[in-house]
Structure formats: structure tokens, C-alpha cells
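Student: compute the structure for the input listed below.
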Amino acid sequence: PPRSTLEADRRQRQMCIRDRLGVDALVEGSLLGKGSKIELTVQLIDGRSDEHIWAEHYMRETPYVFSLISDMANAIGAQIGSTTLAPGVEGVNHQRMRPVDPRAIDAYSLGLTHMDRFTPDGLRFAIDQFERAVEIEPEFALAWGQLGAAHSMLGLYGYAPPQESKEELRAAVLQAIKADNQVFIGHSGLGWVQWWTGDFDGGCESFKEALRLNPSAPYAIHGDADCLMLAGRMDESIAKARELLRISPFSVMHSLPLPNHLYVARRFDEAVAAAKDMQLRTPQFSMHWFFARVYWEQGRFDKALEEERLELERRGDPVLLAAIQEGFDAAGPTGAMRAMAEALVARARNTYVDPFDIAVAFARAEMVDEALFWLDKAVAHGSYKMNYLAFWPHLDVVRDDPRYQDLLERVYGPRTQDIRRTS
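Tutor: Numbers count the residues shown, from 1 in each chain. Sure, this is the predicted structure:
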């Protein structure tokens, strides 16, 4: 195509990104490896006028890549006049990190790429790469932190038993803190360990410490958003999720909190819009499961079931597809959910299935006793999703049952009364 056409397309993409993220400026750049060196060219562009505000070229020996990142981030901050840092925080600083073996950097980068695919194989491959990185560089705090994050994602999305993944997370983040307690990621990970094991106050304090060290720490911003949700400050929680999106808009992991927080706030139309925007930015990740969840709560059952089918087709799960169809033919939408729940129960006899997912299917089928039975199992198994028990709209059918109130006590302990008032 003519150069003018290419430039027009680039400009259109910039405007789209600017409008979707609500930002004034964009960063563009290219990275090139040359032997033992890394070259980075970066430019800051005004999102409204397309004017080039600033540009720079960097070159470093590969082991010093993190000092390059620090220099670039601080230079951009100076150009935009950033004043968002808390008192006592000097900004992003990797200068204090010692050089890192290029082989460890390569493994770390591969791990990050595969982790964000959010598939079982992708997460396991990421774990292998992070383990290789810390084997080469035992003091590589960032790699230890991401190793913990990958283990937690396996448990969170039902690919591994949660108790096992939490212990792996705990071990990795403690190593991250031991390697360098001034790197934010260890404290972010510790916050999630505490949060997912019921120490909500401790978790929120750890997130604050991570944000003190780096106000743009993505896992800690997500954690802070969840702490605000737990305190009943839902609008502020959603604002935090939007902040996270501006920091890392093309990451699946950091894009999910916004649609999820809108969903638990019962702002369903906004949740759908946020999920559609996310799908455009991260097309490698399916959101059919999320649309199914929201449409069901809106009473749009046919649309919800269609999204459920699309998700199961993408996963290659003919057993659940057949169960949904048979159940629907026999008893409509709730029959479809009952059949899906029973198929998951049968599957759980031979392989790990998150009890929470079974409980949700029974809840949609309006089978209260069965839903509560599996929620009880989810508490015992340490299901990650039980930490949001008080907020999930898809559990409304069980809320008035005394057994649900008992579950709240088991999950939230001394915070239960406050959460009952705010959820």
C-alpha cells in the first residue's frame, strides 16, 4: 500500500487505542538484539495531534536490560511531568539490580510470553522457563515472583489443585523477597498468598508495600482493587482496575480485573463492553465464558448458552457440549445447567475439577442444596474463587440460606459482619 495509506492506518490505530484507554499520549518503540547488546528506539507521541513529543535511542549490554528499562521509564516520566508518586518513592529504579545472565533473561521473557496465553500448557511452559531463569540466576527476584504468579494462575483457573498451587506461590514469593526485598513483585505475591489464605488485612498491607516500592506494580494494583471491593468501596475498586488497564492494556492477566469488577458491581452492560474491548486488545484469549456468565445474570439465557457452547467448542470439550444440549432439550436453560453440573461431577471422579465451578452450574440450575454442597467442598479445597463468595452475582440463588451465611463466616472470619453490610 502507499505510504500515505499506511500512515493513515497507523494514525487510526493510535486514535483507537487512545480513546479506549482514555490516555493523552502513547509510547511506540522497537527492540533489537545485536550480539551481546540490546538496542531500543522509543518515542512518545501525542495521542491527539500525532506530534512526536520525545524520542530516544538506547543501547546496553544484555545483562543490563533492567537498567535500560529504568532509564526509559524515568525519561518518559520526566517528559510528561509525572507527579503521581507517593512521598518517599523515587520512581522505577532497576539500577540497584545487578547484571542478569542473558540466558536467564531469555528464559524469563519466554515465560512471560507463554504465561499470558492463559492455557494449561502455556502456564506450565512458563513455569519451566521461570524455573530455568532462577536456576541460572538464583537472585533473580522478578523471575521468582513471576514463577509464583504462574503457579497461582494454574490454581485460579482450575488447572491444578488450589492448595498445591498456593504453596508453590508462597515458596516462590518468599524466595523473591529473600533475593531482593526492595523489588516490588515479592511483596505483591506475598499479598496474594495472604489474601487467598484468608489473611485479608495482611494481604492488603503487602499490596501497599509493593505499591510503595513501585506505584505501577500491576499485581499490587489489582490487589488494591480487590481490597477496596472487600471494603465495599466498589466505585474506587473499579477505578483501580481502570488504572491497571492503562498500565498494561495488552496483558490478559491485567485486563481481566476491569470486566470482572464491573460484573461483581452488577454493572452488566459495562462489563460486556469492557470484555469486548479486552477481546479486541487480547484476541488470543477467549471471553466466551465471561459473556455466558453476564448474559445469564441478565436473563438472556439463549445468548448465554450460545456463548457457553462457543467456549466449550474452543476448549474441545464434546462431553460438556453434549450434556448442555441434552439438558436443554429436556428442560430448557436450567436443564442445560443441571446436565452440565452432573457431567462435571462425573468428571471430578477421575480428574481435578474446581468444586466452585460445579457449584456455579448447580446454582444456575436453581438447585440450592447441590450448589451449597459443592460450595462447602470449595471452601475445604481452598478454591481461589471462594474469596469473592460475598460478591458473585451468580450465587444470588443461595444467599438467603443459613448454610450460605455459615460459608461466609468460614471464608471471611472476623470481617464477615462488615462484608455482609457492604456486599
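
Student: and Asp400, helix, strand or coil?
Tutor: Counting by DSSP: H, G, I helix; E, B strand; the rest coil, the backbone at Asp400 sits in coil.

Student: burial count for it?
Tutor: Asp400: 9 surrounding residues under other CB atoms under 10 Å. (C-beta placed from N, C-alpha, C; glycine too.)

Student: which other helices and strands contact the longest helix anywhere in the chain?
Tutor: Once the chain is assigned using DSSP state H, the helix that runs over the most residues is helix 318-348. Here helix 318-348 touches helix 301-315, helix 355-364, going by 3 or more CB pairs under 8 Å, 6 or more residues apart in numbering; DSSP states H and E.

Student: got the angle for that helix vs helix 301-315?
Tutor: Angle of helix 318-348 versus helix 301-315, following axes from the mean of the first three to the mean of the last three CA atoms, to 10 degrees, is 80 degrees.

Student: helix 318-348: which residues count as buried?
Tutor: Neighbour-count burial for helix 318-348 flags 320-321, 323-324, 327-328, 333, 335-345, 348 (criterion: 16 or more other CB atoms under 10 Å).

Student: quick one: mean pLDDT for that helix?
Tutor: The average of the pLDDT scores along helix 318-348 is 98.

Student: identify the residue spatially nearest to Thr334, adjacent ones excluded.
Tutor: Ala365 (4.9 Å; CB to CB, 6 or more residues apart in numbering).

Student: residues touching Arg103, list them.
Tutor: Residues in contact with Arg103, defined by CB atoms under 8 Å, 6 or more residues apart in numbering, are Ile136.

Student: roughly how far does it sit from Arg132?
Tutor: Plainly put, Arg103 is 8 Å away from Arg132 if you go by CB to CB, to the nearest Å.

Student: can you check Arg410 too?
Tutor: The gap separating Arg410 from Arg132 is 39 Å, by CB to CB.

Student: compare those two (neighbour count), which wins?
Tutor: Arg132 (18 against 14).

Student: what comes into contact with whichever strand or helix holds that one?
Tutor: Element membership for Arg132, per DSSP states H and E: helix 120-136. The contact list for helix 120-136, computed with CB under 8 Å, 6+ apart, reads 101, 103-105, 107-108, 110-112, 114-117, 140, 143-144, 146-147, 150-151, 153-154, 159, 175.

Student: tally of neighbours for Glu168?
Tutor: Here the count is done by other CB under 10 Å, and Glu168 has 19 residues near it.

Student: sorry, slip of the keys, the one I care about is Ser36.
Tutor: Using other CB under 10 Å, the number of residues around Ser36 comes to 10.

Student: hang on, the earlier thing: next SSE after the helix holding Arg132?
Tutor: Sequence-wise, the next helix or strand downstream of helix 120-136 (DSSP H and E) is helix 141-156.

Student: now the helices for the stretch 101-250 of the chain?
Tutor: Remark: helices assigned in the stretch 101-250 of the chain by DSSP state H, counting those that start in this stretch are 102-115, 120-136, 141-156, 162-179, 184-196, 200-213, 218-230, 234-247.

Student: Arg420 is nearest to which of those?
Tutor: With CB to CB as the criterion, Arg420 lies closest to helix 218-230 of the helices of the stretch 101-250 of the chain, at 12.0 Å.

Student: and the angle for that closest one with helix 141-156?
Tutor: Orientation of helix 218-230 against helix 141-156 (the same axes, to 10 degrees) gives an angle of 50 degrees.

Student: from the contact counts, what lies against helix 218-230?
Tutor: Packed against helix 218-230 by the contact rule (3+ CB pairs under 8 Å, 6+ apart) you find helix 184-196, helix 200-213, helix 234-247, helix 252-255, helix 257-264.

Student: most tightly packed of these?
Tutor: Of all the helices and strands packed on helix 218-230, helix 184-196 has the most neighbours on average by mean count of other CB atoms under 10 Å, namely a mean of 26.

Student: what is the mean pLDDT for that helix?
Tutor: Mean per-residue pLDDT for helix 184-196: 96.

Student: okay, the angle between that helix and helix 200-213?
Tutor: 170 degrees.

Student: now helix 184-196 - C-alpha only, CSV.
Tutor: Provided in CSV are the C-alpha atoms of helix 184-196 (Å, rounded to 0.1, in the frame of the first residue of the first chain):
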residue,chain,number,x,y,z
PHE,A,184,8.0,-5.0,44.4
ILE,A,185,7.0,-8.3,43.0
GLY,A,186,7.8,-10.4,46.0
HIS,A,187,5.5,-8.2,48.2
SER,A,188,2.8,-8.3,45.6
GLY,A,189,3.0,-12.1,45.6
LEU,A,190,3.0,-12.3,49.3
GLY,A,191,-0.1,-10.2,49.4
TRP,A,192,-1.9,-12.7,47.2
VAL,A,193,-0.7,-15.6,49.3
GLN,A,194,-2.2,-13.9,52.4
TRP,A,195,-5.4,-12.9,50.5
TRP,A,196,-6.0,-16.4,49.2
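
Student: show me what it is packed against.
Tutor: If you count contacts as 3+ CB pairs under 8 Å, 6+ apart, helix 184-196 packs onto helix 141-156, helix 162-179, helix 200-213, helix 218-230.

Student: out of those helices, which gets nearest to Glu270?
Tutor: The closest of the helices and strands packed on helix 184-196 to Glu270 is helix 218-230. By CB to CB, the value is 15.3 Å.
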